[in-house]
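# what shape does this take:
(chains A and B, ligands or ions: 2)
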Amino acid sequence: MGKNKLTVEKLSKQFGTNEVLQNISFTVEEGEFLSILGPSGCGKTTLLRILLGLETAESGRIIKDGIDIAGLPPAQRGMGMVFQNYALFENMTVLGNVEYALKKRGGSKKARSTALELIERVGLSGHLSKKPRQLSGGQQQRVALARTLAVNPDIILLDEPMSALDVETRLALRSEILDLQKEFGSTIIYITHDQEEAFAMSDRIMVMHEGVIQQIDSPHKLMDQPANDYIRAFVIHNIQVKIDSLIRYSREAK
Amino acid sequence: MKTSGKLTAVKGLLLIFFAVSVLLPLLRMLARMTTVDIRGLLVSGPFLAALKNSLVVTAVSTLIAVFLATLLSWLLERSRIRFKGLFALLFTLPMLIPSISHGMGLVVLFGANGLVTGWFGLKGSIYGFWGIVAGSVMYSFPVAFLMLSDILRYEDSSPYEAADVMGISRRHQFASITAPFLRRPMLSTLFAVFTLIIIDYGVPLMVGGQYKTLPVMMYQDVIGLLDFGKGSVIGLVLLTPALVAFILDVLNRDKLTLSFVARPFRVRKNRLRDGLAYVTSGLVSLAVLLPIAAFLLLTLVKKYPSDMRLSMDNISRAFNMGAGANLGHSLVIALVTSLTGVALSFLVAYMTARTPGKLSKILHLVSLISLAIPGIVLGLSYVLFFKGSLIYGSLAILILVNLVHFFASPYLMIYNTLAKLNEHLEAVGQTLGVSRISIIRDVILPQAGGTLAEMFTYFFVNSMMTISAVAFLATAGTRPLSLMITSFEAQMLLECAAFIALLILTVNLLVKGLFTYYRSRKERSAYEPDQAAV
Ligand SMILES: Nc1ncnc2c1ncn2[C@@H]1O[C@H](COP(=O)(O)OP(=O)(O)OP(=O)(O)O)[C@@H](O)[C@H]1O
Ligand SMILES: [Mg+2]
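Ligands and ions are numbered 1, 2, ... in the order given. Modelled structure (predicted):
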């Protein structure tokens, strides 16, 4: 850690008259886990789509490893994305999903062995020939992760990857994602609505509101030194949530 | 961006296609009206009489057809009788032959020399008001049956279970759960059936007798008197109910949300209800099969009723008069229409369902417009617009007119399928370095296979049996099989006409059968793990 991986400078985006992102600037370090928190419609997904190249910004620069990538097509940016609701290929098997892009890019033999390895790594070796519909939500999420990892991106973007899962699966997947990150040395940008999740997983958290970054800091700093009233209310709410869950936990333990 | 530029270009081309194949011909027809004394025509006695006839006979037929369809779909969806699949197939059989043959069925059974008339020594005439009602109900109730069956199948049973638990009476349940649930679909069905009947001229032409309706008047003005101006005015009048239905439909469509997690009904035992279901379904099946059996008898005996020996005379006469060549025309038209129709509606639906933007919205609306244009109106406007062009008088114009005429329904089928697939598939492809075309071919098309087959069947069956649009456009060298029914009937060769109806039914049944087989195989394999992949 410590090396600068991604720098975003003064990024702005409008849809019609709707200013979704206003002069967004931030940096991400190599191997960092950055979460993005913020109310619905504040521009989180739009930001990721711009980073990926699925959407173009009106102004601003995106610099990755010292190079401005704003003009590159998505596949050449070395970023992978896990989409909301997984967006798996329903007509293909687990293996088919993971090896599809590799095969398309040439090298059928290599594709198969890479895919098998990744599937093994996310613990789905027993489900190779199943279709996505035959898998649980958590298993589908793992397929989506493996499919993204297959093309070897060094930055992985995740858009509310757990929103459709039950609590237990979420907890299990948390540590799995962190393990994978360590193993592959990936940099992760992670959108979530779950503050608890963000506080537990992240090196730093970015709080967005109305197209502006309110604060970007470590979980601790966010609690100790909230930058403004919005963050203060936000953090107090988070503490409230934690106290509530502690009380519930102690009740259940009795 | 470059790709969005390409998409815009494709959408633009598609809009131009619809402008040339739908909008301009219609405008041409409207322009034609300026040569007519419109006001004089609209208040003339014959016109007003035909208008009144059309409205009355359509209203009565619609009510009967929808009542029958409601009863039958309810009995099939909410009873425990066996052979439901067979009954459903029989009920929709009338959709596979031209409407005019339903009129013919009535003549064959109940006409002056009819089979039933002869056996029972009946007096009275099938020609006129009740003849039209009977024929119209026959060919329109399957449409209503399919629409309502679909609605009932996906009704959620949980409100009823909750009501049962709370001890709410059946009558109250109907008033507070069933009625509100059915109101909107029922209205859609009524409108659909009404427009279907009011623009049809097959049945009234055959059994209308002195009871003349607007489409018959238009048909006779155009085909008989070559009075295109007057035909255009009537065409515009016929366009109105369909246009109203269309606008209501578009306004309602977005609000209509079927819940797909609906809990299916668990039907309780009820002897009385099931008995009623058997009797009703049996009677309706009989009513459907009777004319077909009559066609068969008429075809296979030398001369009903005077000479009852089995003979191939009628069949060979039909072939001598060109049935073989016309069957060839029909097959070519149906096949090419289906293939190009499936490809075109897939392309349009891909654009409208999976690439957002203003152009997509316009394209979507324009695609649905063909739903509102009666075949007879489309046919006339094509005559006026394409006369003198290269395709006029060729098979191509028949293919084009069918393509446009039947475009909306298959388009909606594939639109719904594509809109349901995850919206990010193409974006996933982009981030993985896989092109849009590859995603379409490898991910989207395989998941749309069932729908594509259904669309193909729809285009094919309808192209095989349509009369309305092609009647104005066919020449001796391009005439489709269905038009032989009209001409045989005009020459009093009912036996040959009956044979043609059977021929069309056979081809359509084959295609439908192939589709059903394909779908059942697909459904079975959908949940099996894919062994080939490992
Ligand atoms: N393609 C688009 N065209 C027009 N407006 C858009 C488009 N995509 C997003 N928007 C608008 O931009 C704003 C930000 O959307 P975005 O999806 O980035 O929000 P978000 O923070 O991800 O919200 P959520 O938490 O609900 O996912 C919203 O007001 C949305 O309506
Ligand atoms: Mg979002």
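# now the strands for the chain?
Because you didn't say which chain, this covers chain A. For chain A, applying DSSP state E gives strands covering A:4-15, A:18-29, A:33-37, A:59-64, A:67-68, A:79-82, A:155-159, A:187-191, A:204-209, A:212-217.
# that's the wrong chain, I wanted chain B
Under DSSP E, chain B gives strands at B:301-303, B:307-310.
# same list (these) but as TSV, adding mean neighbour count, mean pLDDT and distance to residue A:146.
Using the backbone N, CA and C atoms, a C-beta is placed for each residue, glycine as well. Below are the strands of chain B laid out as TSV (neighbours: other C-beta atoms under 10 Å in any protein chain shown; pLDDT from 0 to 100; distance: least, C-beta to C-beta, whole Å):
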stretch	mean neighbour count	mean pLDDT	distance to residue A:146
strand B:301-303	15	84	70
strand B:307-310	10	84	69
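# follow-up on the earlier one: now the strands of chain A in TSV, with mean neighbour count and mean pLDDT?
Shown next, in TSV, are the strands of chain A (neighbours: other C-beta atoms under 10 Å in any protein chain shown; pLDDT from 0 to 100):
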stretch	mean neighbour count	mean pLDDT
strand A:4-15	17	92
strand A:18-29	17	93
strand A:33-37	24	95
strand A:59-64	17	92
strand A:67-68	11	92
strand A:79-82	26	94
strand A:155-159	23	95
strand A:187-191	24	95
strand A:204-209	22	93
strand A:212-217	19	91
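# need the contact list for residue B:359.
B:8, B:11, B:12, B:15, B:351 (C-beta atoms under 8 Å, 6 or more residues apart in numbering or on different chains).
# before we move on, what about residue B:452?
Residue B:452 neighbours (C-beta under 8 Å, 6+ apart): B:342, B:346, B:414, B:445.
# ok, so what distance separates residue B:508 from ligand 1?
44 Å (C-beta to the nearest ligand atom, to the nearest Å).
# mind listing what that residue touches?
Contacts for residue B:508 (C-beta under 8 Å, 6+ apart) come out as B:96, B:97, B:460, B:461, B:464, B:465.
# got the contact list for the residue of the stretch 101-250 of chain B found nearest ligand 1?
Relative to ligand 1, the nearest point of the stretch 101-250 of chain B is residue B:250 (22.6 Å; C-beta to the nearest ligand atom). Going by C-beta under 8 Å, 6+ apart, residue B:250 touches B:365, B:368.
# what's the distance between the closest residue to chain A within the stretch 301-450 of chain B and residue A:84?
Nearest residue of the stretch 301-450 of chain B to chain A: residue B:433, at 3.2 Å (C-beta to the nearest C-beta). Using C-beta to C-beta, to the nearest Å, one gets 21 Å for the distance from residue B:433 to residue A:84.
# and if you look at residue A:67?
Distance, residue A:67 to residue A:84, by C-beta to C-beta: 29 Å.
# just residue B:28 next, same as before
Residue B:28 is 49 Å from residue A:84, where distance means C-beta to C-beta.
# skipping its backbone neighbours, what lies nearest the closest residue to chain B within the stretch 51-200 of chain A in space?
Closest to chain B within the stretch 51-200 of chain A is residue A:75: 3.2 Å, counting by C-beta to the nearest C-beta. Leaving out its chain neighbours, the residue that sits closest to residue A:75 by C-beta to C-beta, 6 or more residues apart in numbering or on different chains is residue B:433, at 3.2 Å.
# and for the one you found, the neighbour number?
16 (other C-beta atoms under 10 Å in any protein chain shown).
# residue A:58 now?
10.
# what does chain A have sitting close to chain B?
Residues of chain A found near chain B (C-beta under 8 Å from any C-beta of the partner chain) are A:49, A:52-54, A:56, A:73-76, A:79-81, A:83-93, A:95-96, A:100-101, A:104-105, A:128-131, A:133-134, A:147-148, A:150-151.
# just the buried residues of those residues.
Taking 16 or more other C-beta atoms under 10 Å in any protein chain shown as the criterion, what is buried in the residues of chain A next to chain B is A:49, A:52-54, A:74-75, A:79-81, A:83-93, A:95-96, A:100-101, A:104, A:128-131, A:147-148, A:150-151.
# those also near ligand 1: which ones?
Of the residues in those, proximity to ligand 1 by C-beta under 6 Å from any ligand atom holds for none.
# who touches the residue of the stretch 301-450 of chain B closest to chain A in this structure?
With C-beta under 8 Å, 6+ apart, residue B:433 has these contacts: A:74, A:75, A:76, A:101, A:104, A:105, A:151.
# residue numbers of chain A in contact with ligand 1?
A:15, A:18, A:20, A:38, A:40, A:41, A:42, A:43, A:44, A:45, A:46.
# let's see that with 8 Å instead.
A:15-16, A:18, A:20, A:38-47, A:49, A:55, A:84, A:159-160, A:191, A:193, A:208 (C-beta under 8 Å from any ligand atom).
# okay, now residue A:106: neighbour count?
8.
# what number of residues lie near the residue nearest to residue B:56 when sequence neighbours are not counted?
Of all residues not flanking residue B:56 in the chain, residue B:129 sits nearest, at 7.9 Å (C-beta to C-beta, 6+ apart). For residue B:129, the count of nearby residues is 18 (other C-beta under 10 Å).
# for the one 4 residues further on, same thing?
Other residues near residue B:133 come to 22 when the count uses other C-beta under 10 Å.
# and the pLDDT for it?
With respect to pLDDT, residue B:133 has a value of 92.
# ok, the nearest residue to it once chain neighbours are set aside to chain A distance?
Closest residue to residue B:133 apart from its sequence neighbours, by C-beta to C-beta, 6+ apart: residue B:61 at 4.9 Å. Using C-beta to the nearest C-beta, to the nearest Å, residue B:61 is found at 44 Å from chain A.
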